[in-house]
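Enquirer: Kindly return the folded structure for what I paste below:
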Amino acid sequence: MASGERRSGEESGSGVQAGSGWLLASCGIAGPLLFTAAWVAGSLLQTGHPAGSVQLSGLAAMDARDPGLMMAGFVGLGACSIAFGAALRRLRAAGPAGPWLVTVAGAATVAAGLFRRDHLLLTGPGFTGESWHNQVHDVVSGVAYAAMIATPLVLAHSFRADPDWAGLRRPLQALALASAAALALFASGAVEPWNAVVQRVAVSLPLAAEVLIAARLLAAGRRARPGRRARFSWPARLSWPGRVSQASPGMQRAG
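Expert: This is a model prediction of the structure:
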């Protein structure tokens, strides 16, 4: 097969469907779903508190009921984000900064689940001060928030030069800016007692952006599988090691 034909086959993106490549891309959907299921279940289990009254970190606190659920949500989301960052690093249109931010957000989220807050609520009788792990939680949570909001904006900027991905720019920008506005409202405390609900919205919006990118990545791989003409141009870097497929006869003729 000629070199031009081989390159066409490598850029078909068929490798995203098989083995570890498909799993890495799917983590961009699995992580947000797992995290959302964790906070929904954790919110409903906190007896004596309305479902929307406890902040996400409080659901994993030392005195929370079934804190393991929310801890698993934090760690699961973080691990999946790290895996999804590895998938994005193989997409040339994503550039270097976006995948790096996804990985940073994932690592910080794992740490937020492991270094827990002291109390379910922020204030209460007998609260004398924060433990060291509560302070670590506050720091890594801030890092996670910042990286999660910055990621869609950075990826939207990177996608502008690729006609196959440029269509995602506006949705990603809108989700990131709406999340930033919700987070600012949450930090101000102006909407108490609905602050925890606003926090859930602020976190869910960038997670929706991650799901959107992951779904687009998987869809592009399916449409470019062997035997069908590729509708999207995928760089050779996106082909997973050991999974590069030769172009089909139809693709050879198209090349």
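Enquirer: quick one: low-confidence parts of the stretch 1-150 of the chain?
Expert: Applying pLDDT under 70 to the stretch 1-150 of the chain picks out residues 1-19, 124-127.
Enquirer: and if we set it to 50?
Expert: 1-15, 17-18 (pLDDT under 50).
Enquirer: and residue 170, what element?
Expert: Using DSSP states H and E, residue 170 sits in helix 169-188.
Enquirer: by contact count, what packs against that helix?
Expert: helix 132-159, helix 195-223 (3 or more Cβ pairs under 8 Å, 6 or more residues apart in numbering; DSSP states H and E). From N, CA and C alone the C-beta is placed, and that goes for glycine too.
Enquirer: so who does residue 207 touch?
Expert: 31, 32, 35, 36, 77, 148 (Cβ atoms under 8 Å, 6 or more residues apart in numbering).
Enquirer: I'd like those laid out as TSV, including secondary structure and neighbour count.
Expert: Formatted as TSV, the contacts of residue 207 follow (DSSP: H, G, I helix; E, B strand; the rest coil; neighbours: other Cβ atoms under 10 Å):
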residue	secondary structure	neighbour count
31	helix	26
32	helix	24
35	helix	26
36	helix	18
77	helix	30
148	helix	28
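Enquirer: Dump these into JSON lines; add distance to residue 129 as well.
Expert: Shown next, in JSON lines, are the contacts of residue 207 (distance: Cβ to Cβ, whole Å):
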{"residue": "31", "distance to residue 129": "33"}
{"residue": "32", "distance to residue 129": "34"}
{"residue": "35", "distance to residue 129": "29"}
{"residue": "36", "distance to residue 129": "32"}
{"residue": "77", "distance to residue 129": "29"}
{"residue": "148", "distance to residue 129": "29"}
